[in-house]
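Visitor: this is a predicted model, with the sequence first.
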Amino acid sequence: MTTHFISAEIDIQDSPQKLQHEIEAELQKRGEPLRWAITNVDEKQQKVHVEAVVIGEEKS
């Protein structure tokens, strides 16, 4: 297993709970999230930028 630093862009949701669910669902596609943070909010494009550290399978 290896750790990876990733960035993602997620659409702003109606509620904080929906946003958290969307972020976690997107990160699960890339591995098991260890930690994540919203690093920027683009109100004009209605996007949040997320940076995360995930654990994933080592690719050979």
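Guide: Great, that's in hand.
Visitor: what about this structure, any weak spots by pLDDT?
Guide: 59-60 (pLDDT under 70).
Visitor: helices of that one, start to end?
Guide: With DSSP state H as the criterion, the chain has helices at 16-28.
Visitor: so how far is Glu58 from Thr2?
Guide: 5 Å (C-beta to C-beta, to the nearest Å). In short, each C-beta sits where N, CA and C put it, glycine included.
Visitor: also Val50?
Guide: From Val50 to Glu58 the distance is 23 Å (C-beta to C-beta).
Visitor: list the contacts of Ile23.
Guide: If you count contacts by C-beta atoms under 8 Å, 6 or more residues apart in numbering, Ile23 has them with 8, 10, 36, 38, 48, 50.
Visitor: if you count what's nearby, which of Val50 and Glu58 comes out ahead?
Guide: Higher neighbour count among Val50 and Glu58: Val50, with 22 against 6, using other C-beta atoms under 10 Å.
Visitor: ok now do that one, which residues does it touch?
Guide: Residues in contact with Val50 (C-beta under 8 Å, 6+ apart) are 7-10, 23, 26-27, 36-39.
Visitor: out of those residues, which are buried?
Guide: Among these, those classed as buried by 16 or more other C-beta atoms under 10 Å are 8, 10, 23, 26-27, 36.
Visitor: nearest to Lys44 among those?
Guide: Proximity of the buried ones among the contacts of Val50 to Lys44 (C-beta to C-beta) peaks at Ile10, which lies at 15.3 Å.
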